[in-house]
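> can't give you the sequence, but here's the structure:
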């Protein structure tokens, strides 16, 4: 298999895995969690968040690097903008979502409080942005790959 095919496969698969996992959380996992009591939702959110962090960050970075490599090989704008979209989840997470995560993980937080419920709802809306960025990148990568 040629190097360009391997890089294309890495970009598309990593981005597809990121987008699929993010969309699943947005459309299935978080709404199901929020159908429970606030305390149960917060208790479930914490280990889910911790497990997903490494996977999602790794997939986003791998996908962005592979997409950027394909752009440097082809000069096709779709690879560049796909790489930018998927990489954007990293600073978005660090600057916008991370403070909410830290509030939710605070020691001594009343997990059943209205404030905790509001934080979980905010987290869900913000996570949906990451899902959207992942989907945009995935569509651009698939489009570029099948050109």
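Okay, I see it. None of the values given here were measured: they were computed from a predicted structure. Numbering: from 1, shown residues only.
> give the contact list for residue 106.
Residues near residue 106 by Cβ atoms under 8 Å, 6 or more residues apart in numbering: none. In short, each C-beta sits where N, CA and C put it, glycine included.
> okay, it: pLDDT?
Predicted confidence (pLDDT) for residue 106: 96.
> show the average pLDDT along stretch 136-147.
96.
> for it, buried residues please.
136-138, 140-142, 144-145 (16 or more other Cβ atoms under 10 Å).
> now render these as JSON lines, adding distance to residue 91 and secondary structure.
Shown next, in JSON lines, are these (distance: Cβ to Cβ, whole Å; DSSP: H, G, I helix; E, B strand; the rest coil):
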{"residue": "136", "distance to residue 91": "16", "secondary structure": "helix"}
{"residue": "137", "distance to residue 91": "14", "secondary structure": "helix"}
{"residue": "138", "distance to residue 91": "19", "secondary structure": "helix"}
{"residue": "140", "distance to residue 91": "19", "secondary structure": "helix"}
{"residue": "141", "distance to residue 91": "20", "secondary structure": "helix"}
{"residue": "142", "distance to residue 91": "24", "secondary structure": "helix"}
{"residue": "144", "distance to residue 91": "23", "secondary structure": "helix"}
{"residue": "145", "distance to residue 91": "26", "secondary structure": "helix"}
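> got the contact list for residue 12?
138, 141-142, 145.
> which SSE is immediately downstream of the top helix by length along the chain?
Using DSSP state H to define each element, the chain has its longest helix at helix 38-74. Of the helices and strands lying after helix 38-74 in sequence (DSSP states H and E), the nearest is helix 77-87.
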